[in-house]
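Participant: Okay, sequence plus prediction incoming.
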Amino acid sequence: MSYRSFVHSIAIASTIGLAPPAWAETPAVPAAVSHQQVPDTYRFPLGKLDIVALSDGTVPQDLHQLLTHTKPAEVDDLLHRSFLDNPVEASINAFLITDGARRILVDTGSGQLFGPGYGGKLVDSLASIGTTPEDITDILITHIHTDHTGGLVVDGRRTFPNATVHVGKPDIDFFLDPSNAARTGYAQKYFDEAAKTIGVYDKAGKVKPFADRATILPGVVATIHQGHTPGSAFFNVTSEGQSIIFVGDIIHVAAVQFPKPSITIVYDQDPTKAASVRQTAFAQFAGDRQLIAAPHLPFPGVGHVRADGHGKFGWFPVEYRNRAGQ
């Protein structure tokens with residue numbers, strides 16, 4: 001995102017009562033410092049399934065601009081406890097599920113839509129494990145925001161020409177109707193970008209909407225949790241008695257929203273419902289010791305939630321393994 005477009009988004013947002021609906025700029029870093037990584041993946045089994053976390057890169061977030069129902073001092077205190085400072089770096093994670101018959105992506109990252117250097121690494125991460133865009137049979141979209149759907153297209157064309165895209169029907173109905181921007185006050189950019197991403201697949205007849213509690217593929221059940229967007233979805237994937245839930249954007253900043261789930265973010269279409277979904281889901285995941293995968297937690301974004309009492313929670317990434325026969 002350019003500085004000018006960022007300032008413009010602030011101006012627009014202020015007129016509709018929202019903070020800027022975009023990733024915030026990060027302070028300048030000396031030219032000699034580089035954090036460029038090679039394509040990043042992390043593979044693990046689930047029953048008969050092979051699952052790979054795929055990095056689409058990271059983006060900086062100015063939490064003082066983006067987080068709501070809090071104050072900068074509270075945010076800084078929570079970050080300090082986790083040895084972090086504002087702005088923080090957010091991962092953009094996608095996931096590949098292989099069941100022998102299908103290669104299924106969960107989300108597609110930001111693609112070209114955040115600009116050079118801000119995500120857009122998904123295809124490289126897939127290539128590093130010998131997978132091409134043509135290999136993908138299905139794509140599960142947790143919700144229609146650019147950092148989850150931007151990778152669907154390259155230069156306006158479908159990146160994954162053989163894939164069927166599965167999206168919650170409430171999100172399709174909301175984001176592919178541009179009149180909802182004026183009606184709800186939700187930023188116009190989301191609707192414009194939906195037309196450039198999901199809209200391209202919809203015109204090609206490659207979008208398959210789903211309802212709440214739908215079995216959309218063998219072993220994959222989708223549930224809809226309105227709040228972050230009207231059709232935000234979880235995908236519960238099971239195999240041989242094991243399960244993982246891909247949760248979408250119920251969490252953006254581990255250091256802040258696990259200990260304080262009531263803190264929301266400007267991207268939430270309905271902040272009150274988003275906070276309620278987060279609190280309820282965290283309690284359920286903790287009680288069930290449920291393995292989850294999240295797109296914006298530090299890569300690979302897979303782990304468990306623990307209840308720490310008084311409505312607070314903690315995050316515990318999966319054990320790292322790097323050996324044969326794991």
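Facilitator: Received, thanks. Residues are numbered from 1 along each chain as shown.
Participant: So what's the gap between stretch 62-75 and the chain middle?
Facilitator: Taking Cα atoms, centre = their mean, to the nearest Å, one finds stretch 62-75 lying 20 Å from the centre of the chain it belongs to.
Participant: List the neighbouring strands of the longest strand belonging to the chain plus their orientation.
Facilitator: When secondary structure is assigned using DSSP state E, the longest strand within the chain turns out to be strand 49-61. Here the strand partners of strand 49-61, with direction, are listed using DSSP bridges: strand 41-46 (antiparallel), strand 88-98 (antiparallel).
Participant: immediately after that strand, which helix or strand?
Facilitator: Past strand 49-61, heading to the C-terminal end, the next element that is a helix or strand (DSSP states H and E) is helix 63-66.
Participant: Just the mean pLDDT for the helix or strand that comes right after that next one, thanks.
Facilitator: Past helix 63-66, heading to the C-terminal end, the next element that is a helix or strand (DSSP H and E) is strand 67-68. Per-residue pLDDT over strand 67-68 has a mean of 98.
Participant: Give me the contact list for strand 67-68.
Facilitator: The set of residues external to strand 67-68 that reach it, using Cβ atoms under 8 Å, 6 or more residues apart in numbering, is 19, 75, 253, 256, 263-266, 268, 271. The C-beta positions use only the backbone N, C-alpha and C, and glycine is treated the same way.
Participant: In helices, which of these appear?
Facilitator: Counting by DSSP state H, the members of the contacts of strand 67-68 that fall within helices are 75, 256, 271.
Participant: Out of these, the closest to Phe234 would be?
Facilitator: Ranked by distance to Phe234 (Cβ to Cβ), the ones in helices among the contacts of strand 67-68 are led by Pro271 at 18.8 Å.
Participant: count of neighbours near the closest one?
Facilitator: One way to gauge burial is a neighbour count; for Pro271, by other Cβ atoms under 10 Å, it gives 18.
Participant: what's the answer for Asn162, then?
Facilitator: 14.
Participant: got a list of what it touches?
Facilitator: Under the criterion of Cβ under 8 Å, 6+ apart, the neighbours of Asn162 are 134-137.
Participant: returning to that earlier point: of the strands paired with strand 49-61, flag the one that's most buried.
Facilitator: Neighbour counts (mean count of other Cβ atoms under 10 Å) averaged over each of the strands paired with strand 49-61 peak at strand 88-98, with a mean of 23.
Participant: For the residue nearest to Thr149 when sequence neighbours are not counted, which residues are in contact?
Facilitator: Distance criterion Cβ to Cβ, 6 or more residues apart in numbering; nearest residue to Thr149, sequence neighbours excluded, is Thr197 at 4.1 Å. With Cβ under 8 Å, 6+ apart as the criterion, the residues that contact Thr197 are 111, 113, 144, 146, 149-150, 152-153.
Participant: Check pLDDT for these and point me to the minimum.
Facilitator: Within those, lowest confidence goes to Leu113 (83).
Participant: count of residues packed around the nearest residue to that residue once chain neighbours are set aside?
Facilitator: Across the structure, with Cβ to Cβ, 6+ apart as the measure, the residue nearest Leu113 apart from its sequence neighbours is Gly150 (3.9 Å). Here the neighbour count serves as a burial measure; for Gly150 (other Cβ under 10 Å) it reads 27.
Participant: unless I'm mixing things up, Gly150 is touching Asp107, no?
Facilitator: No: with contact defined as Cβ atoms under 8 Å, Gly150 does not count as touching Asp107 (9.8 Å).
Participant: coming back round to it: give the contact list for the residue nearest to Leu113.
Facilitator: The contact partners of Gly150, by Cβ under 8 Å, 6+ apart, come to 108-114, 119-120, 193, 197.
Participant: What of Thr132?
Facilitator: With contacts taken as Cβ under 8 Å, 6+ apart, Thr132 has the following neighbours: Leu126.
Participant: re the thing from before, so which of the contacts of Thr197 is the most crowded?
Facilitator: For the contacts of Thr197, neighbours were counted using other Cβ under 10 Å, and Thr149 has the most, 31 neighbours in all.
Participant: Is it part of a helix or strand, or is it coil?
Facilitator: When the structure is reduced to helix, strand and coil (DSSP: H, G, I helix; E, B strand; the rest coil), Thr149 reads as helix.
Participant: which residues sit in contact with it?
Facilitator: Thr149 is in contact with 107-108, 141, 193-194, 197-198, counting by Cβ under 8 Å, 6+ apart.
Participant: Which ones among the contacts of Asn162 map onto helices?
Facilitator: Checked against DSSP H, these include nothing in helices.
Participant: Separate out the buried members of the residues you listed.
Facilitator: The neighbour-count test (16 or more other Cβ atoms under 10 Å) marks 135-137 as buried among those.
Participant: quick one on the thing from earlier: just give me the closest of the ones in helices among the contacts of strand 67-68 to Ala324.
Facilitator: Nearest to Ala324 among the ones in helices among the contacts of strand 67-68, counting by Cβ to Cβ, is Val256 at 38.4 Å.
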